[in-house]
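Novice: Sequence plus predicted model, see below.
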Amino acid sequence: MRIVTLRPASPCVGPGATPVAKPQPMSDSTPGPALPEPSAAPRRRWPAWLLTLLFIGGLVGGAWYLVQRAKTPVGAAAGGPGGPGGGRFGGAGGGVTVGLARVQQGQLPVLIDALGTVTPAVTATLVPQVGGVLTELLFTEGQAVKKGQVLARIDPRSYEQALNQAKGQRAKDEAQLAVARVTLQRYQTLWKQDSIARQDVDTQAALVKQLEGTLEADRAAERNAQINLGYTTIRSPIDGRIGLRAVDPGNLVTANSATGIATVTQMDPIDVVFAVPQDRVPDVLAAQKGGKLPVAVWNRERSQQLGEGSFLTLDNQINTATGTVRAKARFANGEGRLFPNQFVNVRLQLGTASGVLVPVTAVRTGPQGDYVYVVDDERVAHMRPVTRGLATVEQVLIEKGVQAGERVVTEGGDRVKDGGKVQTGGGPRGGASGPAGASSPPRGGASAPGAAAVPAPTPATAPGSVPVREAASGSGAGAGSRAEDQQKLPDVGVNKQDVATNSGVTAGASGAAASAPRADPLADPASRPVWWDRLPPEVQQKVLAMPPEERGAYLRELRERRRAREAGQ
């Protein structure tokens, strides 16, 4: 659409007149006075794009920071750049902060850890052997009784009369036998005088023998009646503890009843039955030839040792369903700490093995097998393959790969590279000790030789392996490098048989007996390890709901998943 503006034209234009403009067409491209410029809107959009990019960049940076913070030890974050715990972004020497341990020559005990059940050596049920009315119970439930002690009585009157009847019959037959014998003597005299026939003598002799047999039967009946009368008085067959009564006085009991009146169990000595893997049967038999094998039992939580005893024997066949052989050990139980059918943890010691010992946290597993990081005098870490032998939850016997006196990385090894620099702090961390530092509370499974009934120390102070922890210290440096999750397994109640095995060989505490493990620290929120807060809430609830002996396998599985994710990244 075109708009044409017309102006009046002058009929003539003089030389001094103003020229008249010609009509000009107006097109759509000519901007009107009230319309904005078309290029103004795009110019206002670039601030919104810029803010969006900044927001996305902030989200990415925050996510990266949170991931790196989760990987960085608590002590490294607390130390800050350039400090002793500077971690990834700084620190003395520019290396990774790690914990070190000194390799030592020592001994590891060869142990078998198993679950056992306390079983009385003798159990006797008081079953009436004659029927009648129960007139008396002469014991208190739970009482300790002696062998031969009278415990109950059954009405004896009918059995007394049966005994009297047997005695009367015996007396009658004795009189008849006496008459027959006198008659036989007379017949023999007459036969010598040829006064009677030989047949009469033989008949009388046979009658005498018949009456002698009858008299023997009468005497046996009398003795049987006497025994039945004695059965009316029930006595304890063994020394032990009597249980709850099943029948009250005044009730009629029958002979050979299924329930019985009560049960007596022998309490001292007492046995413990446990299972031994079939692969360990040759080791047990070979060790048994050398003498008695010490056995120790602990309570369900592995927090208290209940007794020490000796190994008795193995069963004569393997259970095909479980692949184990039942074994039995005997314990003195004068204090009554072991109770029949009680669940216990059993530790059988077969001997000791000598070699080079390192903490469990120093040994790592890669695609080509086990290895450790050895730190030289220049504080350079070198990856070295090793061959592991026996193991406990705290120490591993290395058959080949390291020498006594060398230093190996025990903490922070996931951030160490082969040939990379490492750094250590100037003081011991909490819960670990240097060469002269204080040790952590004792736990079972250490390799201190000669620790008969005393709980063995941790790897920090055990004579077999004294780790020299040189992790960062100072303000916040007490956690300068993160401990491996495997090192924390003993603190969450890991069964040592699940962790410390080598080709079916389980090892634990040395000495004459095993040492006492600690109680579960997860029950107290104040004593939980530092890595606990990094677990998701659902994982924390699942771990708390598990029995202590199952936590080790689950935590190892979580650790393997984490390492797989890190390797994939």
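Specialist: Good, I have the coordinates.
Novice: quick one, helices of the chain?
Specialist: Remark: helices assigned in the chain by DSSP state H are 40-71, 74-79, 157-192, 198-231, 281-288, 496-499, 537-545, 548-568.
Novice: can you put the ones you listed in TSV and add distance to Val393 and mean neighbour count?
Specialist: No exception for glycine: its C-beta is placed from N, CA and C like everyone else's. Shown next, in TSV, are the helices of the chain (distance: least, CB to CB, whole Å; neighbours: other CB atoms under 10 Å):
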stretch	distance to Val393	mean neighbour count
helix 40-71	25	10
helix 74-79	24	24
helix 157-192	65	15
helix 198-231	57	15
helix 281-288	20	14
helix 496-499	5	22
helix 537-545	17	12
helix 548-568	8	14
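Novice: now those helices as a markdown table including distance to Gly148 and mean pLDDT?
Specialist: Output for those, formatted as a markdown table (distance: least, CB to CB, whole Å; pLDDT from 0 to 100):
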| stretch | distance to Gly148 | mean pLDDT |
| --- | --- | --- |
| helix 40-71 | 72 | 77 |
| helix 74-79 | 69 | 40 |
| helix 157-192 | 20 | 93 |
| helix 198-231 | 12 | 93 |
| helix 281-288 | 36 | 91 |
| helix 496-499 | 44 | 37 |
| helix 537-545 | 51 | 76 |
| helix 548-568 | 44 | 77 |
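Novice: can you list those helices in TSV and add distance to Asp370?
Specialist: Below are the helices of the chain laid out as TSV (distance: least, CB to CB, whole Å):
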stretch	distance to Asp370
helix 40-71	24
helix 74-79	27
helix 157-192	77
helix 198-231	69
helix 281-288	23
helix 496-499	15
helix 537-545	27
helix 548-568	14
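Novice: what's the closest of these to Val372?
Specialist: Proximity to Val372 (CB to CB) singles out helix 548-568 among the helices of the chain, at 16.1 Å.
Novice: How much space separates the spatially closest residue to Arg528 that is not a sequence neighbour from Arg556?
Specialist: Counting by CB to CB, 6 or more residues apart in numbering, Arg528 lies nearest to Leu522, which is 5.8 Å off, once chain neighbours are set aside. The gap separating Leu522 from Arg556 is 16 Å, by CB to CB, to the nearest Å.
Novice: And for Leu285?
Specialist: Distance from Leu285 to Arg556, by CB to CB: 32 Å.
Novice: again, but for Leu100
Specialist: According to CB to CB, Leu100 and Arg556 sit 24 Å apart.
Novice: same question, Val325
Specialist: Distance, Val325 to Arg556, by CB to CB: 28 Å.
Novice: go on, Ala258?
Specialist: 49 Å.
Novice: ok, residues contacting stretch 342-352?
Specialist: Here stretch 342-352 makes contact (CB atoms under 8 Å, 6 or more residues apart in numbering) with 107-118, 272, 274, 276, 283-284, 287, 290, 293-300, 302, 306, 311, 327, 329, 338, 444, 449, 508-510, 513-514.
Novice: Now, the residues you listed that are in strands?
Specialist: Counting by DSSP state E, the contacts of stretch 342-352 place 107-118, 272, 274, 276, 294-298, 306, 311, 327, 329 in strands.
Novice: ok, of these, which come out buried?
Specialist: Burial by neighbour count, judged by 16 or more other CB atoms under 10 Å, picks out 107-114, 116, 118, 272, 274, 276, 294-298, 306, 311, 327, 329 from these.
Novice: what are the ranges of the strands in the stretch 251-400 of the chain?
Specialist: For the stretch 251-400 of the chain, applying DSSP state E, counting those that start in this stretch gives strands covering 252-253, 263-265, 270-277, 294-298, 305-314, 324-331, 343-359, 364-366, 369-375, 381-385, 387-391, 395-400.
Novice: then stretch 380-393 to CSV, C-alphas only?
Specialist: Backbone C-alpha positions of stretch 380-393 (Å, rounded to 0.1, in the frame of the first residue of the first chain) are rendered in CSV as follows:
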residue,chain,number,x,y,z
VAL,A,380,60.2,-41.0,46.3
ALA,A,381,57.5,-43.8,46.1
HIS,A,382,58.3,-46.9,44.0
MET,A,383,55.6,-49.5,43.2
ARG,A,384,57.0,-53.0,44.0
PRO,A,385,55.1,-56.3,43.4
VAL,A,386,54.9,-58.5,46.4
THR,A,387,53.8,-62.1,47.3
ARG,A,388,51.6,-62.2,50.3
GLY,A,389,51.5,-65.1,52.8
LEU,A,390,49.5,-65.4,56.0
ALA,A,391,47.5,-62.4,57.1
THR,A,392,45.6,-61.0,60.0
VAL,A,393,43.2,-58.0,60.0
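Novice: Buried residues, it. List them.
Specialist: Those would be Ala381, Met383, Val386, Arg388, Gly389, Leu390, Ala391, Thr392, Val393, for stretch 380-393 by 16+ other CB under 10 Å.
Novice: Show me which of those is closest to Gly142.
Specialist: Proximity of the buried residues of stretch 380-393 to Gly142 (CB to CB) peaks at Val393, which lies at 39.5 Å.
Novice: can you give me phi and psi for that closest one?
Specialist: Main-chain torsions, Val393, degrees, to the nearest 10: phi -70, psi -10.
Novice: Quick check, pLDDT for it.
Specialist: With respect to pLDDT, Val393 scores 77.
Novice: do Trp532 as well
Specialist: Looking at Trp532, its pLDDT reads 77.
Novice: now do Val98
Specialist: 88.
Novice: What backbone torsions are found at the residue lying closest to it once chain neighbours are set aside?
Specialist: Excluding the flanking residues, the one nearest Val98 by CB to CB, 6+ apart is Gly412, at 3.9 Å. Gly412 adopts backbone torsions of phi 80, psi 20, taken as degrees, to the nearest 10.
Novice: In this structure Gly412 contacts Gly99, no?
Specialist: Yes: contact criterion CB atoms under 8 Å: Gly412 and Gly99 qualify, at 6.3 Å.
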